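A.B. asks: Could you look at this predicted model? Sequence included:
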Amino acid sequence: MATMPVGGLPPHDTDRPADLVVHNAKVHTGTALPAAVSAVAVRDGRIAAVGHDAEMAPLIGPGTRVVDAVGRRVVPGLNDSHLHVIRGGLNYVLELRWDGVRSLRRALAMLREQAARTPKGQWVRVVGGWSADQFAERRLPTVAELNEAAPDTPVFVLHLYQSAVMNRAALAAAGYTRDTPDPRGGQIVRGHGGEPTGMLLAAPSALILYSTLAKAPVLDEADRITSTQHFLRELNRFGLTSAIDAAGGFQNFPDNYGTVIELARTGRLSLRIAYHLFPQTAGQEIADLTRWIGTVRPGDGDEWLRLNGAGENLTWSAADFENFSEPRPELGAYEGEFEQAVRLLTEHGWGFRLHATYDETIRRDLAVFEKLAADGLFPAGNRWLFDHAETVSPDSLDRIAALGGALSVQNRMSFQGEAFIRRYGAAAALQAPPIRAMLDRGLTVGAGTDATRVSSYNPWLALSWLVSGRMVSGRTLYPGAGRVDRRTALEMYTVAGARLTGEEDVKGVLLPGYYADLTVLSDDYFTVPEPEIQHIESLLTVVGGRIVYAAGEFEGLDEPLPPVVPLWSPVARFGGYQAALPAAGGVRQAELLGEAAAESAEHLRWRNARDLGAPAGGAAPDPCFAL
């Protein structure tokens, strides 16, 4: 019997013992049950009982695994309602993650070390999960800095939906020369002689960024499986037990879904995935949707891997790009093709989700839905939702509610809020998105991250943003009235996500009969000081009764993983999200202060060398960041 200290819970003779009992905990069931619940029992992948420690004793048999939570907080497993988990897993071990890194100085040191470890023919790639606003220096790396850090190894650094920085070796590997034309909606920044400088701009489409990244080497199928396993374990590290995959560009069905399908077939998924299908080729969307409708149906699959519908694009012509450093895109006439896609889906019982950043797009989409609804064809009992909706208006929210829609919001503004403010002003940012107005209308509002190419996949950054209104820069974006309380934020990350996949009767709370998905937290989410929410991690994550992640006092209780391959992988050296260090002793505090002083001095030297001087008030952004 693999246990932690059982603290007075000896084995009993029982006909139906539990497989797992977690006790001596502060259990938040997500329901109106008394707050004094201290134990959870699991049998056959489902919750068998919740209650006090003594009530679990009759369920403990000789084979029951008993885990003492040592008084820690237990909450239902988290569910990211918009995560590009399938695409992220395929490339995870190839990516150097700057998620959580607090200074550009440290980020460049990681890049320099990784370049030295990377074999010829491979790239160093930093792909999302960070923002220049999180760095002490408040700026992007320069092309010169990338060239110095990696003179011979291709380096590609993606910054949000806005830009990418490449060194000379990456420009050569991608085949970019003075004769390479700018793609539609993108710009290759050039010097006076016409040669590419190494900066790519989304103007406003991010296609140039993603198509350039697609030129880098990829893993073979066996290594994609290992990469995905490690990415799922990284998500388990933060208490994630479910995710809704929002598909996305460069994610073809069925080819790029084969890895998670194989993991599901062999029982190796550690995260429940409900996935969407996204037509990849402009002009071919209706043909793709028609073919898929004849092949699969929403709900097909099982509790680990299931189809949830179409989207987040149905037609490329209706996509609005969310690059807040550029003006809102003016979309052409798309309603005819869009209506054809929606009609096709609803007639065949398919729900969908729609990428819609701006209210101008949402209003046009709603007009199509209302036209179909007038004929009794929408929503026809199908689930549908808008994603993102940063600038959705009160009138549009009323129309969404009237049509039985839902919403999924992500903490993109915590990473892109400064760019939004520069373009639209601080007043417009106060309710971007208007989460309280959504909830006040009784709408289901799921929460997520939109990781991995913009926000980090760390859900506690999103929960912190929902509760505090702060961006990664530290600036408070929303007034108190625009935020939500901690319980509501957690419900958006648990119960609401389950509603978006039609699983609210089996997922999202800790009650008998529900999936045994839970997490034991490093700190008590409900009482930890607000600034510390972002630093919470899971110490024990359970999915379907399986311990899929264990750390701290629970280390060693989780399932083994295959080693990271290739051996030079950035993940093998640095891991994933770069967590803040715990409270340090006197010596380490002095070391940290020294590092901070060095970063500050180095940044000042950088500015002086460019005749920029000290920033007024210490906060003015560098010109290279004001893209």
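C.D. replies: Okay, I see it.
A.B. asks: Could you list the low-confidence segments of the chain?
C.D. replies: Flagging of the chain using pLDDT under 70 yields the residue ranges 1-13, 581-627.
A.B. asks: And stretch 150-169, how far out from the chain middle?
C.D. replies: 22 Å (C-alpha atoms, centre = their mean, to the nearest Å).
A.B. asks: ranges for the helices of the stretch 351-500 of the chain?
C.D. replies: Under the criterion DSSP state H, counting those that start in this stretch, the stretch 351-500 of the chain contains helices at 359-374, 394-402, 412-424, 426-429, 435-440, 459-468, 486-492, 495-500.
A.B. asks: closest one to Trp130 among these?
C.D. replies: Between Trp130 and those, the shortest gap by C-beta to C-beta is with helix 412-424, which sits at 7.8 Å. The way it works is simple: take the backbone N, C-alpha and C, and place the C-beta from them, glycine included.
A.B. asks: outside of that closest one, which residues touch it?
C.D. replies: Outside helix 412-424, the residues that touch it by C-beta atoms under 8 Å, 6 or more residues apart in numbering are 130-131, 133, 160-162, 322, 324-325, 327, 388, 390, 428-429, 432-433, 450, 454-455, 461-462, 465, 470-473, 475, 477, 621, 626.
A.B. asks: of these, buried ones?
C.D. replies: 130-131, 133, 160-162, 322, 324-325, 388, 390, 429, 432-433, 450, 454-455, 461-462, 465, 470-473, 477, 621 (16 or more other C-beta atoms under 10 Å).
A.B. asks: so Glu113 is in which element?
C.D. replies: When elements are assigned from DSSP states H and E, Glu113 belongs to helix 104-117.
A.B. asks: Give the burial count for Leu108, as a bare number.
C.D. replies: 19 (other C-beta atoms under 10 Å).
A.B. asks: I'd guessed it sits against Pro141; true?
C.D. replies: Yes - at 6.1 Å, Leu108 and Pro141 qualify as touching, with contact defined as C-beta atoms under 8 Å.
A.B. asks: okay, now Thr501: neighbour count?
C.D. replies: Neighbours of Thr501 (other C-beta under 10 Å): 25.
A.B. asks: which ones are touching it?
C.D. replies: Contacts of Thr501 (C-beta under 8 Å, 6+ apart): Ile244, Ala274, Arg306, Asn308, Lys507.
A.B. asks: which one among those residues gets closest to Thr444?
C.D. replies: Ile244 (12.6 Å).
A.B. asks: continuing past the helix or strand harbouring that closest one, what's the next helix or strand?
C.D. replies: Using DSSP H and E, Ile244 sits in strand 240-245. As assigned by DSSP H and E, the chain's next helix or strand after strand 240-245 is helix 258-265.
A.B. asks: Show residues contacting that following helix.
C.D. replies: Contacts for helix 258-265 (C-beta under 8 Å, 6+ apart): 86, 89-90, 221, 224-225, 228-229, 254, 269, 273, 275, 301-302, 304-305.
A.B. asks: one more time with 10 Å, if that's ok
C.D. replies: 85-86, 89-90, 219, 221-229, 232, 245, 254, 268-273, 275, 301-302, 304-306 (C-beta atoms under 10 Å, 6 or more residues apart in numbering).
A.B. asks: and the strand holding Ile244, which strands flank it?
C.D. replies: Strand pairing for strand 240-245, using DSSP bridges, gives strand 78-83 (parallel), strand 272-277 (parallel).
A.B. asks: now the first one against helix 412-424, angle please.
C.D. replies: In other words, strand 78-83. 40 degrees (axes from the mean of the first three to the mean of the last three C-alpha atoms, to 10 degrees).
A.B. asks: With the last one instead?
C.D. replies: With the same axes, to 10 degrees applied, the angle from strand 272-277 to helix 412-424 works out at 40 degrees.
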